[in-house]
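Participant: Fold the following, please.
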Amino acid sequence: MALLLCSLVAVMLMFSINRFVTNSLVDEVTAAGGRVAVQLERNRLDYPLAQRKSRNLQVVDSQGRVVASTPSLYGKPPMATFTPDGTNVTTSVVCGGVFPLGECDLVVAQWAHRGGVRWIVYSASPAVPPLVDARLATAVIGGMAVLAGVITYIGHRIVTVALRPVNAVRAELDEINASSLDRRVPVSPADDEIHELADSVNRTLARLEGAMERQRQFTADASHELRTPLAGLRAQLEEAQLHPGETDLSTLLAHSLSDLDRLQLIITDLLLLAKLECSPSRLRERIDLATLVRAEVSRRADPRKVRLVLASEVPIDAVHGQIGRAVTNLLDNAERHARESVVVEVRANDGAAEVIVDDDGEGVAEADRERIFERFARLDAARSRDRGGTGLGLAIARRIAQAHDGTLQVGTAPSGGARFVLRLPMAPPVDDGAERVRTSS
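Facilitator: Residues are numbered from 1 along each chain as shown. This is a model prediction of the structure:
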């Protein structure tokens, strides 16, 4: 690229020099012919006509005859046939003719008035070659070649220094794999784009490390949760196999089905959680939140244990099944830890729809209020497996809230128990005219 640029500069420079020299030569040749034209109009000519050996002049009368010329053109016809029609001076390049073979001359034709008629004075000089002078062309080309080399070297040095941090980042990234996500790429001290790139890469690596750590923990927790009922089921079956006469078949089947039910619940919840995290559904519909909550409570084994405080007209745009699942999980959690009562409230608050689930249990310590939303999180014996649940209910409920641009937080209920607040964006109001059209159709 540097060589091409310097070549273009060299061509432009030589063109400019050629043009400058040509213009200077035209001025000089015109001046030489003008001097002879003035002498001719004064009825006298001073010899020699040309003051330089490379200059040639001819005086042509009104009949087209050469009446005076420089020595090299004695006895030769006019050097050109053009006349300065319309102007006093005309310039052209003439090749061959009275000039040596292969030579092109710059010819200037000027009018000279003598005896009431117009004569022509031709003045000529060899045209300037394209390269002007071999030594000058050599100097320009050599200088540009040196300049191209210097630019290439400096450019290479600049690029090498500039890309050194990039190469360091690339080399470090090549060394990072799934077992070394705690490593970070070097950050250059300069406050430039490369610094920002390295910083962004490190933030990405930190997120990947966190995601990988959560995935490993989730895998370990899931393996443990799945292994426990499998181990219990296997132990019961092996004991029945060793002591078939002492085994009560109905009891064995009941325990086995209980463990299988738990396995099925865990697997179902895992699949739902994976679906929510990978591809949240966009098939939303307009739902009245109070109606949904009332329907979910009516499906409980004993809905009379749940007290409802429902506001009317609290619409949301959501996936009906997912919001229903979130409410169900909150109700399951509340009934599992409540002493006597569960209160569910639906209200509109500051432009958002809220579902509040209160229980009168022991509540959740402030230090544990984020931890309980982790998968398979259990805080104490009161939240152990023998109280029911898979350890995924609250994690699924929060993920559903996040998929609907909402939140799920836990606090303290007025009774001292736990208060879970599911907050979702309210649906925009529907135009009455549009609603009537949709209903009539």
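
Participant: Spit out the contact partners of the residue lying closest to residue 26 once chain neighbours are set aside.
Facilitator: Counting by Cβ to Cβ, 6 or more residues apart in numbering, residue 26 lies nearest to residue 91, which is 5.8 Å off, once chain neighbours are set aside. From N, CA and C alone the C-beta is placed, and that goes for glycine too. For residue 91, the contact set (Cβ atoms under 8 Å, 6 or more residues apart in numbering) comprises 26, 30, 106, 107, 108, 109.

Participant: Quick check: phi and psi at residue 91.
Facilitator: For residue 91, the backbone dihedrals are phi -120, psi 140 (criterion: degrees, to the nearest 10).

Participant: Centroid-nearest residue for the chain?
Facilitator: Centroid-nearest residue in the chain: residue 197, 12.2 Å away (criterion: Cα atoms, centre = their mean).

Participant: Residue 347: which of the contacts of residue 91 is nearest?
Facilitator: residue 26 (95.8 Å; Cβ to Cβ).

Participant: related to what we said a few turns ago, the residue nearest to residue 26 pairs with what?
Facilitator: Per DSSP bridges, the residues bridged to residue 91 are residue 108.

Participant: Now do it against residue 185, distance only.
Facilitator: 69 Å (Cβ to Cβ, to the nearest Å).

Participant: how about the helices of this protein, start to end?
Facilitator: With DSSP state H as the criterion, the chain has helices at 2-41, 134-175, 193-242, 249-278, 289-298, 320-337, 393-403, 432-440.

Participant: Export those helices to a markdown table and append columns for mean pLDDT and distance to residue 352.
Facilitator: Below are these laid out as a markdown table (pLDDT from 0 to 100; distance: least, Cβ to Cβ, whole Å):
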| stretch | mean pLDDT | distance to residue 352 |
| --- | --- | --- |
| helix 2-41 | 83 | 62 |
| helix 134-175 | 81 | 43 |
| helix 193-242 | 81 | 28 |
| helix 249-278 | 78 | 21 |
| helix 289-298 | 92 | 11 |
| helix 320-337 | 90 | 14 |
| helix 393-403 | 89 | 11 |
| helix 432-440 | 44 | 23 |
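
Participant: With distance to residue 62 as extra columns, can I get these in CSV?
Facilitator: Output for these, formatted as CSV (distance: least, Cβ to Cβ, whole Å):
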stretch, distance to residue 62
helix 2-41, 12
helix 134-175, 43
helix 193-242, 78
helix 249-278, 101
helix 289-298, 112
helix 320-337, 109
helix 393-403, 103
helix 432-440, 99
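
Participant: Relative to residue 83, which of the contacts of residue 91 is nearest.
Facilitator: residue 109 (6.1 Å).

Participant: neighbours around the closest one, how many?
Facilitator: Neighbour count of residue 109, defined by other Cβ atoms under 10 Å: 27.

Participant: One more: residue 183?
Facilitator: 13.

Participant: Next: the one 10 residues further on.
Facilitator: Residues contacting residue 193 under the criterion other Cβ under 10 Å number 8.

Participant: ok, now residue 190?
Facilitator: Residue 190: 10 neighbours (other Cβ under 10 Å).

Participant: How about residue 79?
Facilitator: 22.

Participant: who touches it in this structure?
Facilitator: 56, 58, 73, 94, 97, 98, 99, 105, 107, 122, 124.

Participant: how close does residue 70 sit to residue 53?
Facilitator: According to Cβ to Cβ, residue 70 and residue 53 sit 9 Å apart.

Participant: how is this protein carved up into domains?
Facilitator: The chain breaks down by automatic domain parsing into domains covering 2-126, 193-277, 284-432.

Participant: how about TSV for these, with distance to residue 150 added?
Facilitator: What follows is these, written out as TSV (distance: least, Cβ to Cβ, whole Å):
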stretch	distance to residue 150
domain 2-126	9
domain 193-277	26
domain 284-432	59
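
Participant: Looking at the ones you listed, which one is packed in the most?
Facilitator: domain 284-432 (a mean of 17; mean count of other Cβ atoms under 10 Å).

Participant: Contact partners for residue 26?
Facilitator: 91, 106, 108.

Participant: so which of those comes closest to residue 47?
Facilitator: Of the contacts of residue 26, the one sitting nearest to residue 47 (Cβ to Cβ) turns out to be residue 108, at 19.9 Å.

Participant: Does that closest one touch residue 88 like I think?
Facilitator: No - between residue 108 and residue 88 there is no contact under Cβ atoms under 8 Å: 10.8 Å.

Participant: Double-check residue 417 against residue 342; I have them as touching.
Facilitator: No - the pair residue 417 / residue 342 is not scored as a contact, 9.1 Å apart, by Cβ under 8 Å.

Participant: Determine the residues that are contacts of both of these two.
Facilitator: In contact with both residue 417 and residue 342: 358, 359, using Cβ under 8 Å, 6+ apart.
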